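In: fold the following.
(chains A and B)
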Amino acid sequence: MTRISGRYLAKRIVVSYLTLLVIMSLLFVLLRSMPGSFITSMINPQMTREQIERIRETWGLNEPLWRQYVQFMINYQTGDFGRSPTYSTAVSELMLRRLPRTLILFGSTFIVGYIVGPLVGMYLGWWRGSNKDKSIFSSSLLMYSMPSFWIAWLFIWLFNYHLGWLPSSYMFTQFPEFEWTAFTVMRDVLYHLALPLLSVSFIGWVGAMLIMRPSMNNVTEEGYVFLARAKGLSERTVMLKHAARNALIPVATGAIVGLAFIIDGAVVIENVFSWPGMGQLIVNAVLSRDFPVAQAAFFVIAALIVVMRLFTDVVYTYLDPRIKFGEGE
Amino acid sequence: MTLLEVEDLSVRYAVDDDSAVHAVDHVSFDVEAGETYGLVGESGCGKTTLAKSLIHLLDSNGYVESGHVWYDGTLPAWEDDHGEAKQAVIDDPDKPVRGDGKTDLAALSNSQIRDVRWRDIALIPQSAMNALNPVYKVGDQITEAILRHEPETPKQEADDRARDLLERVGIEPERADDYAHQFSGGMKQRAVIAMAMACNPDMLIADEPTTALDVIIQDRILEELEAIQEEFGVSILVISHDISVMAEICDRMAVMYGGKIMESGRTRDIFEETSNPYTLGLKNSFPTITEADQELVSIPGTPPTLRDPEEGCRFRARCPFAIEECHSSHPPMYDVEEAIETGRLVEAADQRAHRSACYRVDELDTIRTQATKEETWTEQTIESR
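Out: Residues are numbered from 1 along each chain as shown, chains lettered A, B, ... in the order given. From the prediction side, this is the model:
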């Protein structure tokens, strides 16, 4: 049973679509107001004027800006992100290859963070003010204030350089001596995933905990928690079934904000670990003025967040029966 | 038959600096099976603390300092087939069960008292408005209580019982599938009453059952409680600051002030033969609908702080009748009838007798006459005495 009405959902989808149009336009403007042009990387001083002019022509840069804009908007909505001048392939292909890799890394850290964070937050909020709460809370704040790249380097130093347990870069073994089967690939990816996952998760859970802890603490004062105790339920049941279930509602909102931050971190972390995902792609694209790739990468990330927002609205109606979308409008 | 005997119970709250709030101080009273007993008093007089302490539901800094709570019933594990305490349990000196089969609830551990909660003593909390969990269906919350204490019940049967209970308090059974926010205030209150009866307890604690409800609904809730009592034969311990609620539903009552019981006895006696200055003051400050132009007279001053309280009668600072003796120690519960008939102050031997904690119980006529006058209850009179 869902309490989301079809009409409301349709309306939300239209709004999400309009949001994406605005994002596309902003991307178009922003990347064109950057100094330099994306053909800078393709030009070398030996080229003649005609050669340069031909390159400009090929990339449509001689068209008036508004025509470039219209063409850009049409292309994007038909899934044509153009060609990358530096990678010499279609950008959409590049995205299809890179996006899953980023999703593997940051999807897993997201899941780990949003399992560990709310669980720890639940216990700390339930036992708020206890010595355990004080020590865990302050040490987690300490972790939270460490820069993610620094943690990453620290872990590389420890687990790769010092102990030699885990690889520090790439997603696959570069010159494998084993056969590529589904199982070995999976094992190999997990092996390479371990260190970046550990580094990101090390601080990634704190954000969710910071929302869950006060939320849990507020809930303990509620009448229904008292009544649950009065019914003779065990402390464990009261905490999990009655308190935590209600405290979780604000955490769902936090998850969306958290997702944005995680993608933000991808840019840094993927470069530290040479993880061939979107973050690395964005950095390379910006540095080499590969506008089509940068634009598309930003757009894909923005689209992810818009879709996630839509998704949380649906999740909300399951988490909290008081929330009804699409009625009384 | 006595269902609950509270014997010399003291409850305290620990405060940061090693001092303690004496929220309930050496309180004794009995509740008979099937009767309605009222605890009345101003906010902060310890009535809710007293009720919560019976089934260990105090806040984390609260604790029972001394005393016993003898309850006619025992843990499921200590029961024989007839629901009585096993002889072996009575004979075991480590188990807080008395010769007559009564169990000292105050001596039970946390996990033991959980078996008593709801199964033997159910509680309707002060804020019944938000006592229902917003994310679960109302019916499921009732079923939860049934399955907790009778785990062998099939789920379908528990569900049927939940619907049946809702119907008994005047809520359509199909509303069991609704959530709390779909209920009105009065319905929530009735749903909590239905929930309280889920495990057929012998005792129901109703903490401010009518606060925050309008008078029409209040009346219905009180009727509901009376109907439930008639049907299930449950004892009800009602807590309220509203003496009109007490007058309406209680067989017997106790008036509390500053953690002490000031006066207790049959409700009729307390209203008609009021024998304690505090009760007189409390009566003055309540409006009655029959006397339209009645001036309300309140008791000047504020209730005392209960943090390491001083010697002497708790009420003396606000009492217009205080004498020298009142500073020495808090008065014991004197037998009112004895005092009226013989003029002697004798401590009441029977908890059920009309009792009053006042050194001037023997001068009741004077006190009652003066208490009706407004000028008695001014700050000046009290300070000048």
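
In: run the chain-centre distance for stretch B:141-148.
Out: 25 Å (C-alpha atoms, centre = their mean, to the nearest Å).

In: touching chain A at all, that stretch?
Out: Yes: for stretch B:141-148, a contact with chain A is found by C-beta under 8 Å from any C-beta of the partner chain, at B:144, B:145, B:148. C-beta: built from backbone N, CA, C; applies to glycine.

In: contact partners for the residue nearest the centre of chain A?
Out: The centroid of chain A falls nearest to residue A:263 when counting by C-alpha atoms, centre = their mean (3.3 Å). Residue A:263 is in contact with A:102, A:106, A:278, A:279, A:301, A:304, A:305, counting by C-beta atoms under 8 Å, 6 or more residues apart in numbering or on different chains.

In: so which of the residues of stretch B:141-148 next to chain A belong to helices?
Out: B:144, B:145, B:148 (DSSP state H).

In: top of those residues by neighbour count?
Out: Among these, the one with the most neighbours (other C-beta atoms under 10 Å in any protein chain shown) is residue B:145, at 26 neighbours.

In: and the chain, what are its domains?
Out: Here I'm looking at chain A. A:1-86+A:290-329, A:95-287 (automatic domain parsing).

In: hmm, no, I was thinking of chain B.
Out: B:2-256, B:273-384.

In: most neighbours per residue, which of the domains of chain A?
Out: With neighbours defined as mean count of other C-beta atoms under 10 Å in any protein chain shown, the domains of chain A peak in mean count at domain A:95-287, which reaches a mean of 18.

In: quick check: residue A:167 touching residue A:195?
Out: Yes: the pair residue A:167 / residue A:195 is scored as a contact, 6.9 Å apart, by C-beta atoms under 8 Å.

In: kindly point out which residues are neighbours of both of those two.
Out: Shared contacts of residue A:167 and residue A:195, defined by C-beta under 8 Å, 6+ apart, are found at residue A:160.

In: which residue ranges form the helices in chain B?
Out: Under DSSP H, chain B gives helices at B:47-54, B:87-91, B:110-116, B:138-149, B:155-168, B:185-196, B:215-232, B:243-249, B:267-272, B:277-284, B:336-342, B:364-371, B:379-384.

In: what of the stretch 101-250 of chain A?
Out: For the stretch 101-250 of chain A, applying DSSP state H, counting those that start in this stretch gives helices covering A:131-144, A:148-155, A:182-219, A:223-230, A:235-237, A:245-272.

In: would you turn the ones you listed into TSV with distance to residue B:276?
Out: As requested, the helices of the stretch 101-250 of chain A are exported to TSV (distance: least, C-beta to C-beta, whole Å):
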stretch	distance to residue B:276
helix A:131-144	46
helix A:148-155	69
helix A:182-219	41
helix A:223-230	32
helix A:235-237	41
helix A:245-272	45
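
In: between these, which one is nearest to residue B:194?
Out: helix A:223-230 (12.9 Å; C-beta to C-beta).

In: tell me the mean pLDDT for the closest one?
Out: Averaging the model's pLDDT scores along helix A:223-230 yields 94.

In: other SSEs contacting it?
Out: Using 3 or more C-beta pairs under 8 Å, 6 or more residues apart in numbering or on different chains; DSSP states H and E, the elements in contact with helix A:223-230 are strand B:121-124.

In: where does the prediction get shaky in the stretch 251-385 of chain B?
Out: B:288-295, B:380-385 (pLDDT under 70).

In: ok and the residue in it nearest chain A?
Out: Closest residue of the stretch 251-385 of chain B to chain A, C-beta to the nearest C-beta: residue B:307 (20.8 Å).

In: tell me what that residue is bridged to.
Out: residue B:21 (DSSP bridges).

In: which residues sit in contact with the residue lying closest to residue A:194 once chain neighbours are set aside?
Out: Distances taken as C-beta to C-beta, 6 or more residues apart in numbering or on different chains place residue A:166 nearest to residue A:194, at 5.1 Å, with adjacent residues excluded. If you count contacts by C-beta under 8 Å, 6+ apart, residue A:166 has them with A:159, A:160, A:191, A:194, A:195.

In: ok, so of those, who is nearest chain B?
Out: Nearest member of the contacts of residue A:166 to chain B, counting by C-beta to the nearest C-beta, is residue A:194, at 36.9 Å.
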